[in-house]
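J.: for reference, the sequence and a predicted model appear below.
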Amino acid sequence: MTFSLSRRTALMGTGALLATPAFAQRAPIRLGGLATLEGPFATGGQDGFRCVQMELERINNTVGGRRIEFIRESSNAQADVALARARKLIEQDNVDIILGPLSGAEGIALRDYSRTLTGKTIVNGSSGAADTTLRNPSTNFFRFNTDGTQWMAGLGNHVFRTMGIRDVAIVAGDYAFPYAQVFGFNIEFCRAGGRTTHYWAPLGTTDFGSQIAQINRSDVGALVVVHGGTDGLAFMTQYAQAGGNKPLIAGSIMADQSMLSARGPHRRVMVGMISSGPIADVIDDQSWRDYVERYRRRWLNEGGFQSPSIHGVNYATNLAGILTALAAVDGDLSGNQAAFQRALAAARFKAPTGADVRLDHNRQAISDIFINRVEERDGRAQVVAFSRANGINQTLNTPEAAFLALGSPSRDNPGCVPAAT
Amino acid sequence: MDLAATIALNGLTLAALYFIVASGFSLIFGLMRVVNMAHGSLYLVAAYVGYAVFEPLYDRDLWYAWYAGLAAGIVCAAISGALMQRLLLGWMQGQELRQALVTIGVSIIVADQLLAFYGGNPRQFFAPDAIFGATQLPGLGGYPTFRLVQIGIAVAVGVGLWLLLNRTRLGMMIRAGVDDRDMLGACGVNVPLVGVAVFALGAALAGLGGVIGATAQPLAQGVDGRFLLVSLVVVIVGGMGSVPGTAVGAILIGLAEQIGQAIFPTYSVVLSFVIMVAVLATRPQGILGRA
């Protein structure tokens, strides 16, 4: 596959060379898309490309008078693979801009890679590790989606204060994105006085039998599930089979159509689950309803979900950032993309959810977060937003210095800081 | 204490799945000396084809949906295996490196074709209600029934293979072939035909594992590599070409994975490989392998 692609690219490259004198100004913009079409997040990666394709079709592949050529590349949620594919996009496909990646550790790898590039820009796809932009950010890496920590804003307080739950078991993947999510949850939950027990498992785990046995024997008040993709599906299926019956709280990629649309016993236990994140299936917002309608018309008969997934919406949001900036500079990428990158940093627009998006000084999005509940509606399980917090920034609207002092989210630093005395 | 028992049981049930898949791998290696790097692909093909048969029947609530999927998966894997031996591997008999490379090539092609055809959505089989719920076990409480069924199937596979190899004419030919292919041919046995039969049988076991595995865990692109790796580790630990050895290897690896997950989840993967390294260092032919 790789070989034929590069050969085609070489041919196209020759063509472009021959055509240079006549079309120097209006040559197409080459946009490289990187998403996980393999591995545990294959479903999410596929949906990311669906939403990108839908938007490019809508604008007829043209922005600022220039055509956009979209080149797809796939990774498998592993940082080294994402890096190799990004290199291939830059070095062989000669793209101007990369839109991607999807998963947390991949994002950090591409942030570091972006530092070595001049005159190229990487705009995140759907990856949500906090440190990608919070610590040691790179000047040509932009992220228009909120991160995993932001997505948990309000959830810890809701669980402690509204649901009255005092201790929880947290199951999470053992890599950068779940660290960020667990961190975001714990900051509120522990500060309010809650206690947590953590069960980490490497990404790609398919048999959670032993962890589930431990959880079902403990007397925690609720279970917080911060898995996603096939790991999440395996966990929930096995949890349901083992007769698990604790109240469920979920990370942002768990309560999602990529999970709810898969068949199985997990759907039974997921009804009533509380979660938070940048989207929900049902949001009381006209622009979101229109977007969902458009998505369903385009994709429902071609393998799409009933409503776009979180990854699809994140890719669409980041693409919207790129298009806003390209329109602002009239498609001009000259001068090592300096003007384009300034336009990206200044871009303000509405995400498909209707949320306002702008960037902070680290080129990280400030936007809205929803708190959701899974409900049966129209005969299928849907994620319904019942609360919305506007303009959440990367430090959860707390002073940046104090937030940074908490340290980088990790397995050993899950953000559980008790209330100051 | 009951937690320890549950974890041990989890390890055994996982071992059962590993045994089913790895026994086919071991069987093919034992007679054919082919390190079949496409064994995981046979698992994947059987699971996807089985699912394609299973889903429409399941939608119509037919009780035999799962059994039909199981049968379809096994048959499909067996035919694929036989074709692979007949069309690709048969005419490079004895060139082990070449065969290994060819099977790697097959596995790459198959993986991409399956991705193109079935897409990236994870799938999972749902077994009939009788074997899908939870069973009350004394001292343990509810335990997923299907995991117990897995053990039953693995024991049946083990006993069946033992009977086949030790009590039938085909088994006699296979065992003779392991020791001396040329002499077996000289005795008038159609060795290539025995090879195709063994390959089909080994592949059918991968197919059985595929459908069972996709009932216990989600089926997705990429699990072929995982089960190939598991098969390799199990067979290396237990001893190439030995059915009891494969069982021992599977039990060790299954238990290691589950106990590791309970005690040090992040490094549980390492434990399997530590076992492999220890076995290779002290007994390179595997625990029950013949030198």
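T.: Everything's here; your move.

J.: and the helices in chain B?
T.: B:2-32, B:39-59, B:65-83, B:96-118, B:145-167, B:169-179, B:181-186, B:191-216, B:223-238, B:243-263, B:268-282 (DSSP state H).

J.: can you put the ones you listed in JSON lines and add distance to chain A?
T.: Where you see a C-beta, it was placed from the backbone N, CA and C, and this is true even at glycine. What follows is these, written out as JSON lines (distance: least, Cβ to the nearest Cβ, whole Å):
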{"stretch": "helix B:2-32", "distance to chain A": "4"}
{"stretch": "helix B:39-59", "distance to chain A": "8"}
{"stretch": "helix B:65-83", "distance to chain A": "12"}
{"stretch": "helix B:96-118", "distance to chain A": "6"}
{"stretch": "helix B:145-167", "distance to chain A": "7"}
{"stretch": "helix B:169-179", "distance to chain A": "32"}
{"stretch": "helix B:181-186", "distance to chain A": "38"}
{"stretch": "helix B:191-216", "distance to chain A": "8"}
{"stretch": "helix B:223-238", "distance to chain A": "8"}
{"stretch": "helix B:243-263", "distance to chain A": "4"}
{"stretch": "helix B:268-282", "distance to chain A": "6"}
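
J.: which of these sits closest to residue A:295?
T.: helix B:96-118 (22.0 Å; Cβ to Cβ).

J.: so where is the stretch 101-250 of chain A shaky, pLDDT-wise?
T.: The model of the stretch 101-250 of chain A has no residue with pLDDT under 70.

J.: residue of it nearest chain B, please.
T.: residue A:209 (3.7 Å; Cβ to the nearest Cβ).

J.: now the helices of chain B in a markdown table, with mean neighbour count and mean pLDDT?
T.: Shown next, in a markdown table, are the helices of chain B (neighbours: other Cβ atoms under 10 Å in any protein chain shown; pLDDT from 0 to 100):
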| stretch | mean neighbour count | mean pLDDT |
| --- | --- | --- |
| helix B:2-32 | 24 | 90 |
| helix B:39-59 | 24 | 95 |
| helix B:65-83 | 22 | 96 |
| helix B:96-118 | 16 | 92 |
| helix B:145-167 | 17 | 93 |
| helix B:169-179 | 16 | 86 |
| helix B:181-186 | 14 | 89 |
| helix B:191-216 | 25 | 93 |
| helix B:223-238 | 23 | 92 |
| helix B:243-263 | 23 | 92 |
| helix B:268-282 | 15 | 91 |
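
J.: how much space between the closest residue to the residue of the stretch 101-250 of chain A closest to chain B other than its chain neighbours and residue A:278?
T.: Closest residue in space to residue A:209, ignoring its immediate chain neighbours: residue B:10 at 3.7 Å, by Cβ to Cβ, 6 or more residues apart in numbering or on different chains. Taking Cβ to Cβ, to the nearest Å as the measure, residue B:10 falls 36 Å from residue A:278.

J.: using a markdown table, lay out the helices of chain B together with distance to residue B:138.
T.: Shown next, in a markdown table, are the helices of chain B (distance: least, Cβ to Cβ, whole Å):
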| stretch | distance to residue B:138 |
| --- | --- |
| helix B:2-32 | 10 |
| helix B:39-59 | 33 |
| helix B:65-83 | 28 |
| helix B:96-118 | 42 |
| helix B:145-167 | 13 |
| helix B:169-179 | 38 |
| helix B:181-186 | 50 |
| helix B:191-216 | 23 |
| helix B:223-238 | 30 |
| helix B:243-263 | 21 |
| helix B:268-282 | 28 |
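
J.: write out the residues of the stretch 51-200 of chain A neighbouring chain B.
T.: For the stretch 51-200 of chain A, the residues in contact with chain B (Cβ under 8 Å from any Cβ of the partner chain) are A:76, A:174, A:199-200.

J.: just these: which are in helices?
T.: Filtering those for helices - DSSP H - leaves nothing at all.

J.: out of those, who's nearest residue B:160?
T.: Among those, and counting by Cβ to Cβ, the member closest to residue B:160 is residue A:76, at 36.5 Å.

J.: which residues touch the spatially closest residue to the closest one that is not a sequence neighbour?
T.: Excluding the flanking residues, the one nearest residue A:76 by Cβ to Cβ, 6+ apart is residue A:39, at 3.3 Å. By Cβ atoms under 8 Å, 6 or more residues apart in numbering or on different chains, the residues touching residue A:39 are A:75-78, A:204, A:229, B:220-222.

J.: against residue B:101, how distant is residue A:409?
T.: For residue A:409, the distance to residue B:101 (Cβ to Cβ) stands at 44 Å.

J.: any idea how far residue B:279 is from the closest residue to residue B:249 other than its chain neighbours?
T.: Of all residues not flanking residue B:249 in the chain, residue B:238 sits nearest, at 2.7 Å (Cβ to Cβ, 6+ apart). Separation of residue B:238 from residue B:279 (Cβ to Cβ): 9 Å.

J.: what sits in contact with each of these two?
T.: In contact with both residue B:238 and residue B:279: B:286-287, using Cβ under 8 Å, 6+ apart.

J.: on that earlier part again, who's in contact with the residue nearest to residue B:249?
T.: By Cβ under 8 Å, 6+ apart, the neighbours of residue B:238 are B:22, B:26, B:244-250, B:252, B:286-289.

J.: interface residues of the stretch 201-350 of chain A facing chain B?
T.: Near chain B, when you scan the stretch 201-350 of chain A using Cβ under 8 Å from any Cβ, you find A:201-202, A:204-211, A:213-214, A:217, A:229-230, A:233-234, A:237-238, A:241-243, A:262-265, A:303.
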